[in-house]
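In: model this:
(chains A and B)
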Amino acid sequence: MAEKAGDLVQGTLDMLILKTLALEPMHGFGVAARIEQMSQNVFRVNAGSLFVAFQRLQRAGLISSEWKATENSRRAKYYALTAEGRKRLKSETQEWGRQVAAIARILEASS
Amino acid sequence: MAFLGNLTGGLRSLLRRESVERELDEELSGYLEMATNERIKHGMSREEARRAVRLEIGSLEATKEAVRTAGWEFVVETWWQDIRYGLRRLLKQPAFTGLAVLTLALGVGATTTIFSVIYGVLLDPFPYVNSDRVAVVQIQDTAVARPVGRTAFPLQEFLEYQAQNRVFEEVIGGSHEDVLNTTGEGPEQYDGAYVTPNTFRFLGVPALVGRGLLPEDAAPGAPPVFVMSHKLWLGRYNLDPTIVGRSFILNGVPTTLVGIMPARFTKFAADLWRAVPLDRSNPDINRRSFRLQARLKPGVTFKQAEADIDGIARRLAAIYPKNYPNRFRVQVVSWVDSLIVQFRTTLYTLAAAVGLLLLIACSNVANMLLAKATAREKEIAVRASLGASRGRVIRQLLLESGLLALCGAAVGWLFAYAGIKALVPLMPVTLLPSEVVIGLNAPVLVASLAVTVVTGLLFGLVPAVKVVRRNVIESLNDSSKGTSAGRGSGRLRNALVVVEVALSLVLLVGAGLLMGTVVALQRVDLGLNPDHILVARVPLPRGQYATAAAKQQFFQTLLQRLHALPGVVAAAESTGLPIFFFNARIAGEIDVPGQSHTERWDAAYQLCSEDYFSALSLHLVRGRTLSNFDVNDARKVAVVNETLAKRYFGALDPIGRHLKLSMLESLPHGAIENPSFEIVGVIADVKNRGIQEAPMPEVLIPYTVTGAFDRGILVKTAGDPGTLLNVVRREVWAVDRNVALTFADTLTEYLKQFSYAEPRFSLIILGVFAGIGLILSLTGVYSVIAYVVSQRTHEIGIRMALGASRGDVLWMVLRMGYRLIGTGLAVGLLASFVMTRMIAAQLWGVSPHDPATLIGVIVFLVTAGLAACYVPARKATTVDPIVALKVE
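Out: This is a model prediction of the structure:
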């Protein structure tokens, strides 16, 4: 079901969305733009995957949504991190760190 | 929490589909707008920006689709779509759907009916605690073919079995007793039962009102109490709860009613129960017999119990040789088996038969679906080419057959409801435990639903897989030139029809053999004429009629009054019920002075008055029958049957010789000293152990020689004996207000209930199944042939254009049909050789391979098959070559 996540590393989209929303509530385009910008255009976010991820995260109770006016006074759906989501982000970040370190060690050892 | 969010989110998009869609639309177009604006900010023109964004994120619809199909509700929705699609398709072809549902309903209905009987009789016959671990001990005379035996024991033996066994956790016992309730309005006779004090605790069913019997109720000095059945409470006391606590005069003793049992508690089928202490010093109790039942200790099997009890029985047989047959076998069987005897195999046979019927129904529907499938190939190819996955197509097809199966089940349950209604009165009630309740209950419906699902898969899978295996392109290219269409499916359909014909043959052979059995049973020479005979037991109040003289006084008066009644041809005293061995039939030792023998000699004892012989039209072979002088003067004379004469006298003429009726010497009451009886006549044999057993030696003596034994009457009438019953009752009351008839019925009714009911029950069910199976398989044959004819119209047209005559065409189609039927018959014959072995136990007087039955069934099937093929064959001959060739 999960679409190929653009240039994203498999399975990291949820974590990146949570990270982005940790700073402030944001609408869909904002999240996509933020991820691309923060990764210095290394990652591209596919709109389909993004909205499927929003639906999934919201149903899992990690984010909530609300219709609000944007700075250009348009209506947009803003997503925000829930307490649950904040906890999940923390644990996923730690886990990610552990995995990256482990992978790095393996790669260094074999070179 | 996450689960809940997922659930509510999914439900929301299922139920409020439009607002969810609108929201998603708005959110996505906002996204598009913002992305476009962003590019414009970086210097692109509006058009360029829009195109770039589109390129980047793909079509909006695809994105929406991705979001829509991501949740679980998408799965629900596609199922719902498929179900609606399936229902629409089924409704669009009402003839097909109706026929398929009807076929399945017949199969499911029959299966559910039989299963509800099996559930009621075998799986849940009793309302008692752990009743499947309750064993019954039977002492079976090996000289008797029917696997039944004595289950009751005199108190002293009962106590020894109870004390010596190592396999029973707890033993209970008891039996029937006639109970007279003396009321202000006159006496009432009830079928009572006495039970050991632990019986109610053992059975573990709480009373409906008040309490059950307690062990203390039988303690010395305890006030006499009894418990009433629901049947009596309803029938006689109108469910009045205030009668509990009231005192009744039962057999002359004021006895308090302490409780009423629920409707299904019908131990001994009694109206009321009283507890008796197991006290050997009480002569009244000491001479009673107890039907022994016991709960097996945990882990003990019936077989192990049998071995243990066999040892005890052998020891007891040495101590009380008169209570045991010369050669006997001990059987310890479950409670239900002790009552239904071989009805269990009958039910298994019916289960097998209904399985065959269900298979025929499934094959028939599979066949119909296969015919449809050929027509559907194009539709499915279109669906596949539009992106439906193979799995989704199979799912769709299975769903449709599942829907058919469910509709079939729903209608089938209505059939089952009607079937059970029709079946219950046909059941051989005398064989069934009185506790049995047969109906459509939850376990039965669950099982039936499971069967339905399996059948749905069974008949749906074959066509589904077949359709999907076909190449999409091939199907689409296939124009309407269907000359070779479905060659493979044709073979499969032929195989199904062959199976149907074979199964029908098996069912028909089974039904035919049972019919042979019923006919053979009805043709049995009973040795008497059972028509217009009323029989009844006459329970005389204890004490008052203990002597032979008192009994003679009573019956002489009664028989005289009965004789005087209009419509009465003859009236006789009779201790036992003719033909059968139960109901007070007496048997015991006899001896012939001067004849030496090592084994004990036994005979059935019939005590009767002089009219007994004429009432039953017994056939006198030699000498004379009992005269009224013999009876009035209580002379020691006897009439014997031919079996006795042959077995114990051989070539000697028995007339004028003496018999020693040893059993009469050792009676506790009314014993006769030196019971030497002169033989005055020999009568032709009369059945005396049921109609399927050869008669045992029998001796008929004047009823006036002893005051022992329970008595009955036998009345021969000119017209319907049933109409005289109430008149006879009144005459009995006129002689003594305290006597009321019990077990009053006509002899033909007894025969129907005890001898014909069981085979007739199997015959009717198997007959109905065979009939339904036959109709289904004939429609199968018909539909295959008709389909082939319609597929080959073109070819037939060419043949006729080339000069084939109508006769040639007719023959060609008939040959096709007969190849199917012939193969089916061959397969069915082989199968029936195996299957008839299953019902061999239920057959009597007819061989399981009875050639007449086999030939009859084959001729019948061939003829019926001809009719099924003839209609389409006839249609083939009317093909106009010009029209047939033009069509394409």
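
In: Sticking with the residue nearest the centre of chain A, tell me its helix or strand.
Out: By CA atoms, centre = their mean, chain A has its centre lying nearest to residue A:17, at 1.6 Å. If you go by DSSP states H and E, residue A:17 is part of helix A:13-23.

In: Buried residues in that helix, which are they?
Out: A:13-21 (16 or more other CB atoms under 10 Å in any protein chain shown). C-beta coordinates here come from the backbone N, C-alpha and C atoms, glycine included.

In: Could you tell me which residues make contact with the residue nearest to the centre of chain A?
Out: By CB atoms under 8 Å, 6 or more residues apart in numbering or on different chains, the residues touching residue A:17 are A:31, A:35, A:50, A:53-54, A:57, A:63, A:79.

In: Also residue A:27?
Out: By CB under 8 Å, 6+ apart, residue A:27 lies in contact with A:70, A:76-79, B:30-31, B:34.

In: Go through those residues and name the one nearest residue B:567.
Out: Lowest distance from residue B:567 to the contacts of residue A:27 (CB to CB) belongs to residue A:77, with 98.0 Å.

In: quick one: the closest one and residue A:66 touch, right?
Out: Yes - using CB atoms under 8 Å, residue A:77 is in contact with residue A:66, at 7.2 Å.

In: ok, these two, which is more surrounded?
Out: More neighbours surround residue A:77 than the other of residue A:77 and residue A:66, with 19 against 10 (other CB atoms under 10 Å in any protein chain shown).

In: list the contacts for the more buried one?
Out: Contacts for residue A:77 (CB under 8 Å, 6+ apart) come out as A:27-28, A:65-68, B:23, B:26-27, B:30.

In: Please report which of the residues you listed has the highest neighbour count.
Out: Result: residue A:28 is most packed of these (other CB under 10 Å), 24 neighbours.

In: List the contacts of it.
Out: When contacts are counted by CB under 8 Å, 6+ apart, residue A:28 is found next to A:47, A:50-51, A:54, A:76-77, A:79, B:27, B:30-31.

In: These in strands, which ones?
Out: Among these, the members found in strands (DSSP state E) are A:76-77, A:79.

In: quick one, the helix or strand where residue A:100 lies and helix A:13-23 angle?
Out: Taking DSSP H and E as the definition, residue A:100 sits inside helix A:83-110. Between the axes of helix A:83-110 and helix A:13-23, defined by axes from the mean of the first three to the mean of the last three CA atoms, to 10 degrees, the angle is 120 degrees.

In: residues in contact with stretch A:56-63?
Out: For stretch A:56-63, the surrounding residues in contact (CB under 8 Å, 6+ apart) are A:14, A:17-18, A:21, A:54, A:64-65, A:79-82, A:84-85, A:88, B:1-2, B:4-6, B:9-10, B:70-71.

In: Whichever of these end up buried, select them in PyMOL.
Out: Listed next is the PyMOL selection for buried residues among these, using 16+ other CB under 10 Å:
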select buried, (chain A and resi 14+17+18+21+54+64+65+79+81+82+84+85+88) or (chain B and resi 5+6+9+10+70+71)
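
In: So which residues on chain A come close to chain B?
Out: A:1, A:3, A:27-30, A:32-33, A:44, A:46-49, A:51-52, A:55-56, A:58-61, A:70, A:72, A:74-77, A:84 (CB under 8 Å from any CB of the partner chain).

In: Give me the buried entries from these.
Out: Buried by 16+ other CB under 10 Å: A:3, A:27-30, A:32-33, A:46-49, A:51-52, A:55-56, A:58-61, A:76-77, A:84, out of the residues of chain A next to chain B.

In: Sort out for me which of these are in helices.
Out: Those of these mapping onto helices are A:28-30, A:32-33, A:47-49, A:51-52, A:55-56, A:58-59, A:84, per DSSP state H.

In: hang on, residue B:62 packs against residue A:48?
Out: Yes - if you go by CB under 8 Å, residue B:62 and residue A:48 touch, sitting 6.4 Å apart.

In: Quick one: name the residues of the stretch 151-300 of chain B near chain A.
Out: Counting by CB under 8 Å from any CB, no residue of the stretch 151-300 of chain B sits close to chain A.

In: Run through the strands of the stretch 151-300 of chain B in chain order.
Out: B:152-154, B:168-172, B:174-183, B:186-195, B:209-210, B:225-228, B:247-250, B:253-260, B:272-275, B:289-291, B:293-296 (DSSP state E, counting those that start in this stretch).

In: just the stretch 451-600 of chain B next, same as before
Out: According to DSSP E, counting those that start in this stretch, the strands that the stretch 451-600 of chain B contains are B:533-538, B:568-573, B:586-590.

In: how many neighbours does the residue nearest to residue B:342 when sequence neighbours are not counted have?
Out: Using CB to CB, 6 or more residues apart in numbering or on different chains and skipping residues adjacent in sequence, the residue nearest residue B:342 is residue B:841, 5.6 Å away. Residue B:841 sits with 15 neighbouring residues when counted by other CB under 10 Å.

In: Just the pLDDT for residue B:841.
Out: In the prediction, the pLDDT value recorded for residue B:841 is 79.

In: ditto for the one 3 residues further on
Out: Residue B:844 is assigned 86 on the pLDDT scale.

In: I figured it hits residue B:692, correct?
Out: Yes - counting by CB under 8 Å, residue B:844 does reach residue B:692; the two are 5.8 Å apart.

In: any shared contact partners between the two?
Out: residue B:521.

In: The strands of the stretch 151-300 of chain B into CSV, with extra columns for mean pLDDT?
Out: Listed next are these as CSV, based on pLDDT from 0 to 100:
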stretch, mean pLDDT
strand B:152-154, 91
strand B:168-172, 96
strand B:174-183, 88
strand B:186-195, 87
strand B:209-210, 94
strand B:225-228, 96
strand B:247-250, 93
strand B:253-260, 95
strand B:272-275, 96
strand B:289-291, 93
strand B:293-296, 96
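
In: and these as a markdown table, adding mean neighbour count and distance to residue B:574?
Out: Output for the strands of the stretch 151-300 of chain B, formatted as a markdown table (neighbours: other CB atoms under 10 Å in any protein chain shown; distance: least, CB to CB, whole Å):
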| stretch | mean neighbour count | distance to residue B:574 |
| --- | --- | --- |
| strand B:152-154 | 18 | 22 |
| strand B:168-172 | 19 | 33 |
| strand B:174-183 | 19 | 17 |
| strand B:186-195 | 20 | 19 |
| strand B:209-210 | 20 | 40 |
| strand B:225-228 | 24 | 31 |
| strand B:247-250 | 17 | 27 |
| strand B:253-260 | 18 | 30 |
| strand B:272-275 | 24 | 28 |
| strand B:289-291 | 21 | 22 |
| strand B:293-296 | 22 | 31 |
